[in-house]
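Visitor: starting from these lines, generate the structure:
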Amino acid sequence: MSESNWGRWGPDDERGTLNLLAPEAVRAAVACVREGRTLSLSLPIRGATSSPAPATVPHLRGRPLPQHFMSVDAGDYAAGARPIGAGLRMADDAIVVTPHGTTTHMDALCHMWAGDELYNGHPAGRVRSYGATRCGIDKAGPVVGRGVLFDVPRLRGVRHLAAGDRVPAADLAACGAEIRSGDIAVVRTGWPLTWEDSPEAYWAGQPGLSAGAGRWLADRDVAMVACDNAAIGGLNERQLADEDLGDDLHLILLWRHGIHLAEMLWLEDLAATGRTEFLFVAAPLVIEGGTASPINPLAIL
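Guide: Residues are numbered from 1 along each chain as shown. Alright, predicted model coming up:
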């Protein structure tokens, strides 16, 4: 497999390996559905402007938390909000979310790069404060394909991996899941379970894929990599990656291979089913020039 997917789908490509999810791949993925049961793989977006609710959901320390508040509610009615019609009232709300590090989300190909070029050689100067005019999340489109679960804690016989764990390619291979070109690789570390112990436990670092595991997945031509940790790769206690640029997972997957990433999934319900193959469905919001979007990934069994 090439060290890069630049030029593989032409000089104007902004979707990377999502190009692999052609109609025939989607039709083949539907064959994974045997029960018709659907599971959400998303953490909740829980927030308010005047309560500690966001702190009850895993997130990286210091990141702006989701803000969700009612813009029209009973208090507004008491202040004289107009009724819609005879006997009818309306509630409305507003939400502010910074996806990276605070909720289940999908990274765009413009999220990270090295030098002066984005994925596929697009100029990095196209990423500005008003958004990215190249490789934004609005270019990704819906993701529908065969999901494959790599349950590393189950392989090792532990509840969750340790903060310092960097999953080698050998562990992914040992999970026994058959991986094919165009699959969505879903990797469980179990790390969200540490939030039940305390935020400090969650913030002590995070397990993740090693650079070798990232290359192993890229060599198998996956369409997307999704994980229940916050960065696909591991993080130290300062919530930073220790790898150098050559081994950085975001650069290996997003930048070199055009593989979109989905982070901070909730995989415990899926893991409990014992299923390793399923139909994976996710759709990012069409945020023009966005570096990411909240998603609610689904596993259809």
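
Visitor: now stretch 276-293: mean pLDDT?
Guide: Confidence for stretch 276-293, expressed as mean pLDDT, is 97.

Visitor: and L254, helix, strand or coil?
Guide: Following DSSP: H, G, I helix; E, B strand; the rest coil, we place L254 in the helix state.

Visitor: any idea how far F280 is from it?
Guide: For L254, the distance to F280 under the criterion C-beta to C-beta, to the nearest Å works out to 19 Å. No exception for glycine: its C-beta is placed from N, CA and C like everyone else's.

Visitor: again, but for L60
Guide: Between L60 and F280 the computed distance is 25 Å (C-beta to C-beta).

Visitor: same deal with D12?
Guide: Plainly put, D12 is 27 Å away from F280 if you go by C-beta to C-beta.

Visitor: who has more neighbours out of those two?
Guide: Each of D12 and F280 had its neighbours counted (other C-beta atoms under 10 Å), and the higher figure belongs to F280 (28 against 8).

Visitor: residue contacts, R15?
Guide: Taking C-beta atoms under 8 Å, 6 or more residues apart in numbering as the definition of contact, the neighbours of R15 are W9, L109, K139, A140, G141, G258.

Visitor: so the residue nearest in space to the middle of the chain bridges to which residues?
Guide: A centroid search over the chain (C-alpha atoms, centre = their mean) returns A262, at 1.7 Å, as the residue closest to the centre. Note on A262: beta-bridge partners by DSSP bridges are M106, A226.

Visitor: wait, doesn't it sit right on T103?
Guide: No: using C-beta atoms under 8 Å, A262 is not in contact with T103, being 11.4 Å away.

Visitor: tell me where the protein has helices.
Guide: 23-30, 74-78, 152-156, 169-174, 199-202, 211-219, 249-250, 268-273 (DSSP state H).

Visitor: kindly reformat those helices as CSV containing mean pLDDT.
Guide: Conversion of those to CSV gives the following (pLDDT from 0 to 100):
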stretch, mean pLDDT
helix 23-30, 97
helix 74-78, 49
helix 152-156, 98
helix 169-174, 98
helix 199-202, 94
helix 211-219, 98
helix 249-250, 97
helix 268-273, 98
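
Visitor: so for C135, which of the ones you listed sits nearest?
Guide: C135 lies closest to helix 249-250 among these, at 13.2 Å (C-beta to C-beta).
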